[in-house]
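A.B. asks: build me a model from this:
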Amino acid sequence: MSGEGSYALDAFGDRRRHQRIYVALVSPKRFHVRLGDGLPELPVYDLSLGGFSCAMPEKIPLGTFAFTLTCSSEAEPFTGTAEVRAVVANVRLGCQFVALEEVMQQRLKDWLVDYVRRNARVPLSREEAEAIVTGRSFL
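C.D. replies: Reported below is the predicted structural model:
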């Protein structure tokens, strides 16, 4: 699997349905992911309602796998099931969410809306930040 190759496109010709939020900024809010029990935490580079990218693990998970995503400013983690969709230059792993409970979907959305509002260069209302998070990808 490599970062180059064919990707499934939607009706708009996009391979992503959700806006990716770059979360590796210098920010008090830091995101990490664990790709299975007993494995080390990896830094998350970008995050969306559809998936995440993170640093390359020592071993790439095959098929679907359970993950735990943490945010440094939140007590409760975010959990679900994902699958690998891309390996980029052998340094980054792109993963798509496969199964998320409704409460986890809402937690993720809240995390992202808060992150966008706190890191925007201009003041944003909750509604404006939510429109960015839930909107179509422009990348």
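
A.B. asks: what strands flank the longest strand seen in the chain, and is each parallel or antiparallel?
C.D. replies: Of all the segments of type strand in the chain, defined by DSSP state E, the longest one is strand 78-88. Strand pairing for strand 78-88, using DSSP bridges, gives strand 64-71 (antiparallel), strand 92-99 (antiparallel).

A.B. asks: so what angle separates the directions of the following helix or strand past the last one and strand 78-88?
C.D. replies: Scanning forward in sequence from strand 92-99, with DSSP states H and E defining helices and strands, the next element found is helix 102-119. Taking axes from the mean of the first three to the mean of the last three Cα atoms, to 10 degrees, one finds helix 102-119 and strand 78-88 inclined to each other by 70 degrees.

A.B. asks: show me what helix 102-119 is in contact with.
C.D. replies: Contacts of helix 102-119 from elsewhere in the structure, counted by Cβ atoms under 8 Å, 6 or more residues apart in numbering, are 21, 23, 25, 27, 29, 47-49, 69, 71, 74, 76, 78-80, 100, 124, 126, 129-130, 132-134. C-betas here are computed from N, CA, C, even on glycine.

A.B. asks: show me which residues of that helix are buried.
C.D. replies: Of the residues in helix 102-119, those with enough neighbours to count as buried (16 or more other Cβ atoms under 10 Å) are 104, 107-108, 111-117, 119.

A.B. asks: same check, this time on stretch 36-48
C.D. replies: Of the residues in stretch 36-48, those with enough neighbours to count as buried (16+ other Cβ under 10 Å) are 39, 42, 44-48.

A.B. asks: what's the least confident helix or strand in the chain by mean pLDDT packed up against?
C.D. replies: Least confident element among the helices and strands of the chain, by mean pLDDT, DSSP states H and E: strand 21-22 (a mean of 87). Other helices and strands packing on strand 21-22, by 3 or more Cβ pairs under 8 Å, 6 or more residues apart in numbering; DSSP states H and E, are strand 42-47, helix 102-119.

A.B. asks: mind showing which ranges of the protein have poor pLDDT?
C.D. replies: Low-confidence segments of the chain, defined by pLDDT under 70, are located at 1-16, 26, 28, 137-139.
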